[in-house]
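Asks: Here is the input, now give the coordinates:
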Amino acid sequence: MPLYEYYCRNCAIKFTQLRPISAAGEPSECDYGHLAAPVLTVGVQVQSSAQAQGTTAPESSVSGGCACGRGGCGCGALN
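Replies: Numbering: from 1, shown residues only. As a prediction, this is how the structure comes out:
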């Protein structure tokens, strides 16, 4: 099961929770019983004008070979 990030407005805190993929978009409860909304993570890929025109091969936007793309989970830090 993956970890998902949630934000509780009442407590003004962000927290993570291990949940099934089928419950990814559903609200969750913080430690104090308030409903918390899922935090949406957005990824962006920047292209040069040559890549946008298809004259060069696109470079990978993922670094370190980890799923998060930034090495923040630790799996990319080992490379």
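Asks: Contact partners for residue 4?
Replies: Contact analysis of residue 4 by Cβ atoms under 8 Å, 6 or more residues apart in numbering lists 16, 17, 18, 19, 24, 28, 38, 39. In this view, the C-beta of every residue, glycine as well, is placed from N, C-alpha and C.
Asks: Quick check: chain neighbours aside, which residue is closest to the last one?
Replies: The spatially closest residue to residue 39, leaving aside those adjacent along the chain, is residue 5, at 4.2 Å (Cβ to Cβ, 6 or more residues apart in numbering).
Asks: just to revisit the earlier point, of all pairs in the contacts of residue 4, which one is the farthest apart?
Replies: Farthest-apart pair in the contacts of residue 4 is 18 and 39; separation 15.0 Å (Cβ to Cβ).
Asks: Can you pull out the low-pLDDT segments for this protein?
Replies: Applying pLDDT under 70 to the chain picks out residues 41-79.
Asks: show me where it has strands.
Replies: Per DSSP state E, the chain carries strands over the ranges 3-8, 13-18, 28-29, 35-38.
Asks: who touches the second one?
Replies: By that I understand strand 13-18. With contact meaning Cβ under 8 Å, 6+ apart, strand 13-18 is reached by 1-8, 28, 30-31, 36, 39.
Asks: Where do the helices of this protein begin and end?
Replies: Assigned by DSSP state H, the helices in the chain fall at 49-53.
Asks: if we can go back for a sec, is the residue nearest to residue 39 in contact with residue 36, as I believe?
Replies: No. Contact between residue 5 and residue 36 fails when scored by Cβ atoms under 8 Å: they sit 9.6 Å apart.
Asks: Have a look at these two and say which one is more surrounded.
Replies: residue 36 (22 against 13; other Cβ atoms under 10 Å).
Asks: Was I right to think that one contacts residue 29?
Replies: Yes. Applying Cβ under 8 Å, one finds residue 36 in contact with residue 29, separated by 6.6 Å.
Asks: So between residue 18 and residue 39, which is more surrounded?
Replies: Comparing residue 18 with residue 39 by other Cβ under 10 Å, the one with more neighbours is residue 39, at 12 against 8.
Asks: Could you find the closest non-adjacent residue to residue 25?
Replies: Nearest non-adjacent residue to residue 25 (Cβ to Cβ, 6+ apart): residue 38, at 5.9 Å.
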